[in-house]
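Chemist: using only what follows, build the 3D model:
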Amino acid sequence: MPAYLVIHPREQRLDDLRLSGDDITLRFEAGWAIFADSQGDCLAIPCGQGASIQRDDEPLPERELPGSTPALNK
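Modeler: Here you go, the predicted model:
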């Protein structure tokens with residue numbers, strides 16, 4: 001599932017967030033980073049705000065091999 005971390009400068013850290021969704025996209029337009037999904041635009045961040053954006057996809061779940069036993073945590 002696509003996901004993005006939006007990390008703000010130190011004084012705005014409370015505004016950090018993680019966006020995820022099967023259909024989320026990111027585009028850059030006229031000085032804005034714009035997140036959208038199937039419903040349309042959902043978040044726009046101006047380039048002058050100083051936020052950094054990182055792709056942070058969740059790892060795929062591990063498949064169990066046929067005939068294997070899941071590990072136990074002790």
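Chemist: you'd agree residue 57 is up against residue 2?
Modeler: Yes. Using Cβ atoms under 8 Å, residue 57 makes contact with residue 2 at a distance of 6.0 Å. C-beta here means a position set from N, CA and C on the backbone, and glycine is covered the same way.
Chemist: so for the two, which sits in the more crowded spot?
Modeler: Between residue 57 and residue 2, residue 2 has the larger neighbour count (other Cβ atoms under 10 Å), namely 16 against 10.
Chemist: that one contacts residue 21, doesn't it?
Modeler: Yes. Counting by Cβ under 8 Å, residue 2 touches residue 21, with 6.9 Å between them.
Chemist: any idea how far residue 9 lies from residue 39?
Modeler: Distance, residue 9 to residue 39, using Cβ to Cβ, to the nearest Å: 29 Å.
Chemist: of those two, who's got more company?
Modeler: Between residue 9 and residue 39, counting by other Cβ under 10 Å, residue 9 is the more crowded of the two (11 against 8).
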